[in-house]
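J.: got a sequence here, can you model it:
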Amino acid sequence: MNETDMKLLWLASKSAGFIEIRFDPDGKPRARKPNGVGMPWNPLDCFRDALLLAIQLGLTVRIDNRNPGRPSTAVSWQKDWMGDTYTCVEFHNEDAAAATRRAITAMASYIAELESSEESDHEH
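T.: The predicted structure follows:
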């Protein structure tokens, strides 16, 4: 697993409520909840993990296959009813499912970054 994917998973795990994520020697991620329970967790590779993450965060997933030259997945998140909407787009290339999981994980990662920056703004 490359460093970019590891960082995406680390940040996305914060949005998912995990307190820790570790990578086994073979590179497989394991995440731990506040109750101490650890589990395999990889929304980049696992549909179940990606879908649960999208549900937990209230993400909107839109798959656009109408453009034959550049099919894509757009994942959006709105912080509150009156807030800004953030969107992450991943082009399908050869694998629509992988692009969809990556877009969900990337949006969760971005949410963690936003929340972290808001916390640091409130501390100052």
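J.: contacting residues for Asp45?
T.: Arg101 (Cβ atoms under 8 Å, 6 or more residues apart in numbering). (C-beta placed from N, C-alpha, C; glycine too.)
J.: state the distance from it to Leu9.
T.: Plainly put, Asp45 is 10 Å away from Leu9 if you go by Cβ to Cβ, to the nearest Å.
J.: now do Ala98
T.: Taken as Cβ to Cβ, the span from Ala98 to Leu9 is 14 Å.
J.: between those two, who's got more neighbours?
T.: Higher neighbour count among Ala98 and Leu9: Leu9, with 25 against 16, using other Cβ atoms under 10 Å.
J.: and that one, what does it touch?
T.: Contacts for Leu9 (Cβ under 8 Å, 6+ apart) come out as 21, 29, 41-44, 105.
J.: mind showing which ranges of the chain have poor pLDDT?
T.: For the chain, the stretches flagged by pLDDT under 70 are 119-124.
J.: where do the helices sit along it?
T.: Using DSSP state H, the helices found in the chain span residues 3-15, 47-57, 96-123.
J.: tell me which strands and helices the longest one is in contact with?
T.: So the one you mean is helix 96-123. With contacts taken as 3 or more Cβ pairs under 8 Å, 6 or more residues apart in numbering; DSSP states H and E, helix 96-123 sits against helix 3-15, helix 47-57, strand 60-64, strand 72-78, strand 85-91.
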